[in-house]
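K.L.:
Build me a model:
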Amino acid sequence: MLTVVAAAGIAYCVVALAAIVRFSLRCQNAEPSSDAAVTIFKPIYGVETELFENLCSFCEQDYPRFQVLFGVKRGDDPAIGIIDRVIARYPTLDLSLVVDERPVGGNPKVANLCAMYEHAKHDLLVIADADMRVDRRYLRSVCAEFTEEGVGAATCLYRGVARGGIASQLGVLQLNDQFAPSVLVATLAGDPAFCLGSTMAVRRGALADIGGFAALAPYLADDYMLGALLSKRGHRVVLSRYVVTNVVEEPQIRALLLHELRWSRTIRTVQTAGYALSFVTFPLPFALAAVAIDIRSGIAWSALAAAMALRLAMHEAARRAFAIDRSPPVWLIPLRDCLGLAVWAAGLFGQNVRWKNQTMRAR
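P.N.:
Predicted coordinates for the structure are as follows:
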């Protein structure tokens, strides 16, 4: 049985490898140009790792006209001092801090977006999480997707960059080798019906068509639901060629696992069947277990060799496709996959998730 599951996982790895190569080839094509005015939303809660550098990167865009709104929910948020430094650094840009403690539904990030929306000047809106970093090409690349007919929203993959020790490196491997390829596999059949928190770019009219940001307030997975609601209303959601950088700093393995458990339970709430079947994305642990049970089995050893070879191939293909300068050491891959399978199993049960200093119940 274990070798059968491993074989299914090996088949998945082949598909994922093809999806990564396909994305890499697409990125080599020339992008159309766009100069539509843009408002960037930066919802912030507390001080993320390298927050100042992350926020500055969104201000240093090679783009003709854009506004940046930094939003916090409390007047005593420690991030406000950093935001003030960013605004002071770019006095000629259209930058503003929005502080609004009014609640909107159960999702604090969505309440933050609703407050910032009242100050948005432009019709193209770009939302990006506070732990993301970009280069000067970001806005041109993302906004170029809206030159295609029927596009209501665009989103971006993100690559992890580790700050810290082994926990951070394991977190980066999860993003680069597991999460991003799974997104690309999901888009093989067509446009995605979801967005990612790294970038949610949306037309104002399309957002109004689903009831504005307030329509996302009841949901924990606000990024996923934005794309899902837009797709249901007939708006295309496209995956941009641009890959955002996610600065990852996990202080310890326990913090990493709790973080990933929140992601897992969140994904389970919006893709129950898909999540239940996602164990096939971890062929290496099943192949290792098959060898451990029957060390003389040639089939088990063959499955292990195939699984390891494909995982290494995926790792290298992802490094090239996502332009990753420094990858964690490959000897962490077996540990990473075993931890991933354990988190998947834990994510099948329970509803409580921890976000910052809040405990929420995902239904």
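
K.L.:
Pull out the buried residues from stretch 7-22.
P.N.:
7-10, 12-13, 16-17, 19-20 (16 or more other Cβ atoms under 10 Å). Quick note: C-beta positions are derived from backbone N, CA and C, even for glycine.

K.L.:
Compute the first-to-last residue distance for stretch 70-79.
P.N.:
The first residue of stretch 70-79 is 10 Å away from its last residue (Cα to Cα, to the nearest Å).

K.L.:
how about the helices in the stretch 251-363 of the chain?
P.N.:
Secondary structure of the stretch 251-363 of the chain (DSSP state H, counting those that start in this stretch): helices at 253-270, 272-277, 283-293, 298-321, 333-347.

K.L.:
Equivalent analysis for the stretch 101-250 of the chain, please.
P.N.:
In the stretch 101-250 of the chain, the segments counted as helices under DSSP H, counting those that start in this stretch are 108-117, 138-144, 166-173, 180-186, 204-209, 222-232.

K.L.:
For Met132, which of those helices is the nearest?
P.N.:
When the helices of the stretch 101-250 of the chain are compared by Cβ to Cβ, helix 138-144 sits nearest Met132, at 9.5 Å.

K.L.:
circling back to that earlier point, including mean neighbour count, mean pLDDT and distance to Val161, could the helices of the stretch 251-363 of the chain go into CSV?
P.N.:
Formatted as CSV, the helices of the stretch 251-363 of the chain follow (neighbours: other Cβ atoms under 10 Å; pLDDT from 0 to 100; distance: least, Cβ to Cβ, whole Å):
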stretch, mean neighbour count, mean pLDDT, distance to Val161
helix 253-270, 18, 86, 15
helix 272-277, 12, 87, 27
helix 283-293, 21, 92, 24
helix 298-321, 18, 93, 12
helix 333-347, 18, 93, 16
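
K.L.:
Those helices: which one's closest to Tyr117?
P.N.:
Across the helices of the stretch 251-363 of the chain, closest to Tyr117 is helix 253-270 (Cβ to Cβ), at 23.1 Å.

K.L.:
and that closest one with helix 166-173, angle?
P.N.:
30 degrees (axes from the mean of the first three to the mean of the last three Cα atoms, to 10 degrees).

K.L.:
re the thing from before, among the buried residues of stretch 7-22, which ones are in helices?
P.N.:
If you go by DSSP state H, the buried residues of stretch 7-22 have 7-10, 12-13, 16-17, 19-20 in helices.

K.L.:
quick one on the thing from earlier: determine which two of the buried residues of stretch 7-22 are furthest apart.
P.N.:
Across the buried residues of stretch 7-22, no pair lies farther apart than Ala7 and Ile20, at 20.6 Å, counting by Cβ to Cβ.

K.L.:
just to revisit the earlier point, ok, the ones in helices among the buried residues of stretch 7-22 vs Thr281, which is closest?
P.N.:
Checking those against Thr281 by Cβ to Cβ gives Tyr12 as the nearest, at 5.6 Å.

K.L.:
Now the closest one. Nearest residue, chain neighbours left out?
P.N.:
Closest residue to Tyr12 apart from its sequence neighbours, by Cβ to Cβ, 6 or more residues apart in numbering: Val280 at 5.0 Å.

K.L.:
Run through the residues that contact that neighbour.
P.N.:
5, 8-9, 11-12 (Cβ atoms under 8 Å, 6 or more residues apart in numbering).
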